[in-house]
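# I would like to see how this sequence folds:
(2 chains)
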Number of protein chains: 2
Amino acid sequence: MNPDVAFAIWSGERAQRVAAVLDRVMPPAAEPPQALHEAMRYAVLSGGKRVRALLAYAAGELAGADPDVVDGAAAAVELIHAYSLIHDDLPCMDDDALRRGQPSCHIAYGESMALLAGDALQALAFEVLAGARLRDAAAQLALLARGSGSRGMAGGQAFDLQSTGATLALAELERMHRLKTGALIRAAVRLGACCGAPMNAEDSDALERYASAVGLAFQIVDDVLDVEGTAQSLGKTAGKDASQRKPTYVSLLGLSAARERAEALRAEARAALAGFGAHARRLGEIADWLTKRSS
Amino acid sequence: MNPDVAFAIWSGERAQRVAAVLDRVMPPAAEPPQALHEAMRYAVLSGGKRVRALLAYAAGELAGADPDVVDGAAAAVELIHAYSLIHDDLPCMDDDALRRGQPSCHIAYGESMALLAGDALQALAFEVLAGARLRDAAAQLALLARGSGSRGMAGGQAFDLQSTGATLALAELERMHRLKTGALIRAAVRLGACCGAPMNAEDSDALERYASAVGLAFQIVDDVLDVEGTAQSLGKTAGKDASQRKPTYVSLLGLSAARERAEALRAEARAALAGFGAHARRLGEIADWLTKRSS
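Numbers count the residues shown, from 1 in each chain, chains lettered A, B, ... in the order given. Just a heads-up that it's a prediction; the model follows:
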């Protein structure tokens, strides 16, 4: 089979799989308080690429984990991601009315319910990961918490807020993105790998290098697509970085150099996987896909 | 020593203790992103009664736990409480400019930073509890997550939003408060107890009855004080339930019957402790204190 087709089938199957897990772990929409549970389900089940879940499953395959064991980790990182998008779109943050081609959660359910839905989804992420009963569960929960908190994703958002309208050096922009999107992507890869056989320090470092490069490449491609894409292809407002005067890889490097940097990071991610052989196949394919995507 | 004085000394010492733990687990204000870390520290270290931490320490004493072991659980429940207050005060929620006698977090740091500070504090709560390495850590983390999420505190907030301007039956008001304030109070008691010797089912049920009664009594007294108190004595805006047309125990029962219900719940909490003997001393004193407080 054409490898691209095989990857599309694998990733489609895994995306459906985590959607089913997410559907199962969230309270039914009919359970009171209904507006809250509806808002949570709306935000989580409205699609998306499920990049973080795919990374967790692929890292699980690398470590020989049963996908049944990875389910909890994959769902937990998607729940954290979904909560962050809800809060990101709020009027006091990016004030974005469109997400995944649909009205943002606060447009559909009101600001206060959207705020609470985000809060409740964060709690649910930890509940689901705790319920997955991974080896050394406390360490895995601490890893997800650090990736989400002020030294991870939330810290990256704060840097982002501070940088609006400012001129950043490339190193500062990179620090921001290593936290804002990178921290949760690294957590997804590590959590997935923890579902399988224990890894030696060398392999663990290689996997960390992979996750770090993929996370940054993903963000750079996001910046490129924000300039090149349309709301229809992106499912979210296009061109908003420029209109919000946010520094991006494109504004700092220009389109062509930004694309080159993403390609270099893709090669770096691929190189980090070299020692793993065939088990790293899906991780490698994800690096290619994320760098070459058009939405 | 006069028992009231002895309790005041104990509770003052424990409140200081958890404040020191909270100070230690939060990133320093000078660590970038500074505005985020300042906002987190402002919200968490600006005082408060530390009711949830005291309950955790007192339940720990009941179970023979070393206070050093309870520290993580006590800090975690306070971090969840602090995050909920920040988000509660936001313009899209209660829109309250005053908290603990000071400008609310979003008045001091802006809405977007306050939102992120709340988000980061929730993550930190789970990180701290995971770091405490309690017996059966995953179960304790799940307990805190459930108490905080849509079937706990956040769910109670959603019921609260839906109830504004509505007429609730007493049973509906009680359901709301059993989630909104009760769920985290019950989690505090259970987490504290888990730091000590394992408990049989009968004792565990009795402790749950205690926590449930104390949580509800606490909320009823809050409603009474909102009517009777002043902003100066409360450190927050007084009379806001009525001005926001929120149903309360006072609006449903009247002041005198609300006070009687709080007293009955205090007696219920005391009765639930009867089988524990002297080890339950602090828990009993907390029930008295919370019911008789004037702020």
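
# helices and strands of chain A: which one bottoms out on pLDDT?
Using mean pLDDT, DSSP states H and E, helix A:231-234 stands out as the lowest-scoring helix or strand of chain A, at a mean of 58.

# continuing past that one, what's the next helix or strand?
Going down the chain from helix A:231-234, the next helix or strand is helix A:240-243, by DSSP states H and E.

# for A:Thr261, which residues are in contact?
In this structure residue A:261 is Arg, not Thr. Counting by CB atoms under 8 Å, 6 or more residues apart in numbering or on different chains, A:Arg261 makes contact with A:Ile220, A:Tyr249, A:Leu253. C-betas here are computed from N, CA, C, even on glycine.

# tell me which element the closest residue to the last one other than its chain neighbours falls in.
Yep, that's A:Leu253 we're talking about. In space, not counting the residues next to it along the chain, A:Leu253 is nearest to A:Arg261; the distance is 6.5 Å by CB to CB, 6 or more residues apart in numbering or on different chains. Using DSSP H and E, A:Arg261 maps to helix A:255-272.

# in that helix, what counts as buried?
Neighbour-count burial for helix A:255-272, counted by 16 or more other CB atoms under 10 Å in any protein chain shown, picks out A:Ala258, A:Arg259, A:Arg261, A:Ala262, A:Leu265, A:Arg266, A:Glu268, A:Ala269, A:Arg270, A:Ala272.

# ok, A:His37 touching A:Pro27?
Yes. The pair A:His37 and A:Pro27 passes the contact test of CB atoms under 8 Å, sitting 4.8 Å apart.

# common neighbours of the two, please.
Listed contacts common to A:His37 and A:Pro27 are B:Ser150; contacts here mean CB under 8 Å, 6+ apart.

# using PDB, write down the CA coordinates of the helix holding A:Arg261.
Taking only C-alpha atoms (Å, rounded to 0.1, in the frame of the first residue of the first chain), the coordinates of helix A:255-272 have been written out as PDB:
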ATOM      1  CA  LEU A 255       7.700  33.200   4.400                       C
ATOM      2  CA  SER A 256      10.400  31.400   2.500                       C
ATOM      3  CA  ALA A 257      12.900  31.300   5.400                       C
ATOM      4  CA  ALA A 258      10.100  30.200   7.800                       C
ATOM      5  CA  ARG A 259       9.300  27.300   5.500                       C
ATOM      6  CA  GLU A 260      13.000  26.400   5.300                       C
ATOM      7  CA  ARG A 261      13.200  26.400   9.100                       C
ATOM      8  CA  ALA A 262      10.200  24.100   9.400                       C
ATOM      9  CA  GLU A 263      11.800  21.700   6.900                       C
ATOM     10  CA  ALA A 264      15.100  21.700   8.900                       C
ATOM     11  CA  LEU A 265      13.200  20.900  12.000                       C
ATOM     12  CA  ARG A 266      11.400  18.100  10.200                       C
ATOM     13  CA  ALA A 267      14.700  16.600   9.200                       C
ATOM     14  CA  GLU A 268      15.900  17.000  12.800                       C
ATOM     15  CA  ALA A 269      12.900  15.200  14.100                       C
ATOM     16  CA  ARG A 270      13.500  12.400  11.600                       C
ATOM     17  CA  ALA A 271      17.100  12.200  12.500                       C
ATOM     18  CA  ALA A 272      16.300  11.800  16.200                       C
END
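
# now that helix: average pLDDT?
The predicted model assigns helix A:255-272 a mean pLDDT of 96.

# what do you get for stretch A:169-182?
On average, the pLDDT along stretch A:169-182 is 93.

# what does it rub up against?
Contacts of stretch A:169-182 from elsewhere in the structure, counted by CB under 8 Å, 6+ apart, are A:151-153, A:155-157, A:159-160, A:163, A:168, A:211-212, A:215-216, A:218-219, A:222, A:247-249, A:252-253.

# helix or strand right after the helix holding A:Arg261?
Next in sequence after helix A:255-272, counting helices and strands by DSSP H and E, comes helix A:281-292.

# returning to what we had before: any idea how far the residue nearest to A:Leu253 lies from B:Ala120?
Applying CB to CB, to the nearest Å, the value for A:Arg261 to B:Ala120 is 29 Å.

# now do the strands in chain A.
In order along the chain, chain A carries the following strands (DSSP state E): A:98-99, A:102-103.

# separation between A:Ala137 and B:Val214?
A:Ala137 is 30 Å from B:Val214, where distance means CB to CB.

# who has more neighbours, the two?
Just comparing A:Ala137 and B:Val214: by other CB atoms under 10 Å in any protein chain shown the higher neighbour count belongs to B:Val214, 28 against 21.

# coming back round to it: between the contacts of A:Arg261, which is closest to chain B?
The shortest distance between chain B and any of the contacts of A:Arg261, using CB to the nearest CB, involves A:Tyr249 and amounts to 20.0 Å.

# correct me if wrong: the closest one contacts A:Ser256.
No. Distance between A:Tyr249 and A:Ser256: 11.3 Å, which falls outside the contact criterion (CB under 8 Å).

# pull the CA atoms of stretch A:181-199 into CSV?
The C-alpha trace of stretch A:181-199 is given here as CSV (Å, rounded to 0.1, in the frame of the first residue of the first chain):
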residue,chain,number,x,y,z
THR,A,181,2.5,24.6,21.9
GLY,A,182,5.7,22.7,22.5
ALA,A,183,5.2,21.7,26.1
LEU,A,184,1.9,19.9,25.6
ILE,A,185,3.3,18.2,22.5
ARG,A,186,6.3,17.0,24.4
ALA,A,187,4.0,15.8,27.2
ALA,A,188,1.9,13.9,24.6
VAL,A,189,4.9,12.0,23.3
ARG,A,190,6.3,11.2,26.7
LEU,A,191,3.0,10.1,28.1
GLY,A,192,2.4,7.8,25.1
ALA,A,193,5.9,6.3,25.5
CYS,A,194,5.3,5.7,29.2
CYS,A,195,2.5,3.4,28.3
GLY,A,196,5.0,0.9,26.9
ALA,A,197,8.2,-0.7,28.0
PRO,A,198,10.5,1.5,30.1
MET,A,199,13.1,3.3,28.0
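
# and that stretch, what's buried?
Neighbour-count burial for stretch A:181-199, counted by 16+ other CB under 10 Å, picks out A:181-196, A:199.

# now swap in stretch A:11-19 and tell me
Within stretch A:11-19, the residues scored as buried using 16+ other CB under 10 Å are A:Ser11, A:Arg14, A:Ala15, A:Arg17, A:Val18, A:Ala19.

# same deal with stretch A:56-64?
A:Ala56, A:Tyr57, A:Ala58, A:Ala59, A:Gly60, A:Glu61, A:Leu62, A:Ala63.

# now do stretch A:272-289
Of the residues in stretch A:272-289, A:Ala272, A:Leu273, A:Phe276, A:Ala280, A:Arg281, A:Arg282, A:Leu283, A:Gly284, A:Glu285, A:Ile286, A:Ala287, A:Trp289 count as buried by neighbour count, 16+ other CB under 10 Å.

# wait, the fourth one touches A:Leu62, no?
Yes. Checked against CB under 8 Å, the pair A:Ala280 and A:Leu62 is within contact range at 5.4 Å.

# once you drop chain neighbours, what's closest to the residue sitting furthest away from the middle of chain A?
Checked against the mean C-alpha position of chain A, the extreme residue using CA atoms, centre = their mean is A:Pro32, at a distance of 29.3 Å. The spatially closest residue to A:Pro32, leaving aside those adjacent along the chain, is B:Phe159, at 7.3 Å (CB to CB, 6+ apart).
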